[in-house]
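> this is a predicted model, with the sequence first.
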Amino acid sequence: PPSPLQPPGLPLAPCRSFSNNKIQVELDESSGVAMMKFKSPPVNSLSLEFLTEFSISLEKLENNRACRGVIITSAVPKIFSSGLDITEMSGKSTEHYTEFWRAVQEMWLRLYGSNMVTVAAVNGSSPAGGCLVALSCDYRIMAENPKFSIGLNEAQLGIVAPFWFKDTFVNVVGHRIAERSLQLGSLHPALEAHKLGLVDELVPEEKLMEKAAAVMAQWLALPDHARQLTKTMMRKAVLDRLVAHREEDIKNFVSFISKESIQKSLRMYMEMLKKRK
Amino acid sequence: PPSPLQPPGLPLAPCRSFSNNKIQVELDESSGVAMMKFKSPPVNSLSLEFLTEFSISLEKLENNRACRGVIITSAVPKIFSSGLDITEMSGKSTEHYTEFWRAVQEMWLRLYGSNMVTVAAVNGSSPAGGCLVALSCDYRIMAENPKFSIGLNEAQLGIVAPFWFKDTFVNVVGHRIAERSLQLGSLHPALEAHKLGLVDELVPEEKLMEKAAAVMAQWLALPDHARQLTKTMMRKAVLDRLVAHREEDIKNFVSFISKESIQKSLRMYMEMLKKRK
Amino acid sequence: PPSPLQPPGLPLAPCRSFSNNKIQVELDESSGVAMMKFKSPPVNSLSLEFLTEFSISLEKLENNRACRGVIITSAVPKIFSSGLDITEMSGKSTEHYTEFWRAVQEMWLRLYGSNMVTVAAVNGSSPAGGCLVALSCDYRIMAENPKFSIGLNEAQLGIVAPFWFKDTFVNVVGHRIAERSLQLGSLHPALEAHKLGLVDELVPEEKLMEKAAAVMAQWLALPDHARQLTKTMMRKAVLDRLVAHREEDIKNFVSFISKESIQKSLRMYMEMLKKRK
């Protein structure tokens, strides 16, 4: 926002925001850091609309030479993101499932493969797809609130995390932890998530954004080009694997999710969620 | 066993046991959990007969829809399993070595690839092949007795752990620990094994079975299908590698073990073991 | 050097040293352990001459049946090795860059693939190529001096660690730590390096050589043949990858280092180093 002391007619403060329906993005051009806030109450579900907006926002920032890093956080209290929107996977057409899954892939390809520095400021719970978003960033800071948990809990819903969720997870926590956590569909409370390496750092809730900004400044102290090439070198194998099997992965998802047994599991899960409220 | 109060003519208590020579198996059909106890004194050596019985027992349980999980433990005090039976590898024919090695492979393929939840309740020392059995389960609980140790100590005998022992080990403890531990042929005391991640949990000896049952219940709370697909996703690469190179691996083993220098090492080792007694 | 009490005419003490320009090597034939000391002040830069001498020394020891292990350390106070000599990469011809890079590869192929037990006694700071030397050994012991740091800090100079530096690093610290540390070009103080697993053990500076000798004795207690085959099994995939892409890797390096932007970064870095003095 322009300072009250800003003389009229001069260019505005170097801060550009583009607000959308589901995600608010503010770019501070002086630091090169964008703040991306999920604001899709009640739980920042990754719906088709959300995912599309997410990918477009990432693309805009990626193509903006003034932007070097993104901090991803939530504007909704207590929840970072609840993950993939189950309503998109229940009682819809094959075409819809296909479109939805392609959007999930697209988001991950953009985020995991981003040339920008990406820091997740996890200020609430972050199950399933929400956890994937955090895992795909360069660094994860979480509010040390024992009520917040994070994990790929797909197995609890009777569904299986796709191989690239798994690959991303293994790259972060290693094979043994990933194997156990995925099989149990574990949601790890913040403290445990930190111990397992699932998040890199815990800070008191009120210090989260300050810390995220400090970490981002540390990463941006490096020359972009060498850092980007290094990041690509580390992540290319896992990214390439989805790119090579993208259509097959969509087919697998659509055929799996279309099964009556899976649809039933999802309906039961949604019933349970409704009753909880 | 039927309770003394069991009225005559009614179905027996939901517990079926099939006892064999070397391994005792008891399936509690109400919980879906089988208890598998190695009872081949003095040290539960993995002889050809033991391995065959082990594979057949696993196959029976795998095909029994009433069985969802297996707890593997020892009925012999102080030893979980001493690993491959050296007498099977010493002074025998090429045909015998071939048959023996195929049985070792078979056991591992069944156990590491099992669709059941597998929990190792390691209630004694567990060197070499004994360690492999534990590593191949989904979860390892060990009695916190400083006299019990576990590890792939093949190098100490002058032999080399096969690549799939190594792959299984790396999946559990990571590359650096595996490299050092395999080169040194380390037997890690319980406390150290826990620190390295080789076992997931330590409990006082008298609480071991109780804890194993509790862990099993936690894993069985998940729907089988999603858990099984997840497990397959995590382990398939390593399983496929042996399947693809199985005959080559047998050839390697037979040619290695047939060397006079190796035979000499094994004879010396057996002499040393005899003297220890 | 022969003891003053050595009777004339008798064979010398079982200790042979061959001194070169940059590296001093002393082999104790009774223990089978060579001590290799970098003595190229001021900072043990890995120049073309140093690298050539390093590879030749390793080759000599490798071919000497009396030698089973090498302890690598520095004779220069406070520095283990400062890494690749920047003057070799700045303002030189394409031919020179090619020759230099081949020498870097050669050193790593010999050290990472050595059949001997290799222990790094890190008695000073060890950035970039210096860190690679330590990472390529079987075991790393570091003096617990908070002023000594270690890491692959290439990104700080605007350059990218080659894929085989990365592979070696990932094998030691795992994917997550490697990704972060490489992107940030981190130099980890001894204590942090130990926590991350980058070094295996910290000891007070005055105990370093004693500890290195003790560790070496522990590794040499194993039969060589099984240990060597095990080491090869663990490291072959990463070694083979460079062997298969060696010329391509040279081309990449030469084309990268020849860029005017990179040359400028290196000149600025060298200016900064001069001013520091």
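Looks like it arrived, so ask away.

> rest of the way, CA atoms for contacts and neighbours
OK.

> quick check: next helix or strand after whichever strand or helix holds A:Met234?
Assigned by DSSP states H and E, A:Met234 belongs to helix A:224-244. Following helix A:224-244 in sequence order, the next helix or strand is helix A:246-257 (DSSP H and E).

> can you tell me, leaving aside adjacent residues, what's nearest to whichever residue of the stretch 1-150 of chain A sits closest to chain B?
Residue of the stretch 1-150 of chain A nearest chain B, by C-alpha to the nearest C-alpha: A:Ala128 (14.2 Å). Closest residue to A:Ala128 apart from its sequence neighbours, by C-alpha to C-alpha, 6 or more residues apart in numbering or on different chains: A:Leu152 at 4.3 Å.

> from chain C, how far out is the one you found?
As judged by C-alpha to the nearest C-alpha, to the nearest Å, A:Leu152 and chain C stand 17 Å apart.

> the stretch 101-250 of chain A against chain C: which residues are in contact?
For the stretch 101-250 of chain A, the residues found near chain C under the criterion C-alpha under 8 Å from any C-alpha of the partner chain are A:138-139, A:171-174, A:219, A:222-223, A:225-231, A:233-234.

> make a PyMOL selection of the buried ones in those.
A single PyMOL command selects the buried members of these (16 or more other C-alpha atoms under 10 Å in any protein chain shown):
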select buried, chain A and resi 138+139+171+172+173+174+219+222+223+226+227+228+229+230+231+233+234
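
> just the C-alpha atoms of the helix holding A:Met234, please, in CSV.
The C-alpha trace of helix A:224-244 is given here as CSV (Å, rounded to 0.1, in the frame of the first residue of the first chain):
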residue,chain,number,x,y,z
ASP,A,224,20.3,-17.1,-8.7
HIS,A,225,21.8,-18.9,-11.6
ALA,A,226,24.0,-21.3,-9.7
ARG,A,227,21.3,-22.0,-7.2
GLN,A,228,18.7,-22.7,-9.9
LEU,A,229,21.0,-25.1,-11.8
THR,A,230,21.8,-26.9,-8.5
LYS,A,231,18.1,-27.2,-7.7
THR,A,232,17.4,-28.6,-11.1
MET,A,233,20.2,-31.1,-10.7
MET,A,234,18.7,-32.3,-7.5
ARG,A,235,15.1,-32.6,-8.6
LYS,A,236,15.3,-33.4,-12.3
ALA,A,237,15.1,-37.2,-12.0
VAL,A,238,11.9,-37.1,-10.0
LEU,A,239,10.3,-34.4,-12.2
ASP,A,240,11.3,-36.3,-15.4
ARG,A,241,9.6,-39.4,-14.1
LEU,A,242,6.2,-37.8,-13.9
VAL,A,243,6.7,-36.0,-17.2
ALA,A,244,7.5,-39.4,-18.9
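
> run the angle between it and helix A:246-257 for me.
60 degrees (axes from the mean of the first three to the mean of the last three C-alpha atoms, to 10 degrees).

> got a list of contacts for helix A:224-244?
For helix A:224-244, contacts defined as C-alpha atoms under 8 Å, 6 or more residues apart in numbering or on different chains pick out A:68, A:109, A:112-113, A:115-116, A:164, A:167-168, A:249, C:155, C:158-161, C:163, C:175, C:179, C:182-184.

> show me where the stretch 51-200 of chain A has helices.
A:94-112, A:128-135, A:163-173, A:175-184, A:190-196 (DSSP state H, counting those that start in this stretch).

> looking at those, which is buried most?
By mean neighbour count, with neighbours taken as mean count of other C-alpha atoms under 10 Å in any protein chain shown, helix A:128-135 ranks first of those at a mean of 24.

> what's that helix packed up against?
strand A:83-84, strand A:149-151, helix A:163-173 (3 or more C-alpha pairs under 8 Å, 6 or more residues apart in numbering or on different chains; DSSP states H and E).

> quick one: the residue nearest the centre of chain A from A:Leu84, how far?
The residue lying closest to the centre of chain A (C-alpha atoms, centre = their mean) is A:Val133, at 1.9 Å. Applying C-alpha to C-alpha, to the nearest Å, the value for A:Val133 to A:Leu84 is 11 Å.

> next: A:Asn63.
The value you get for A:Asn63 to A:Leu84, if C-alpha to C-alpha is used, is 26 Å.

> got it, and A:Cys137?
Look at A:Cys137 and A:Leu84: by C-alpha to C-alpha, they are 17 Å apart.

> how about A:Cys67?
Applying C-alpha to C-alpha, the value for A:Cys67 to A:Leu84 is 27 Å.
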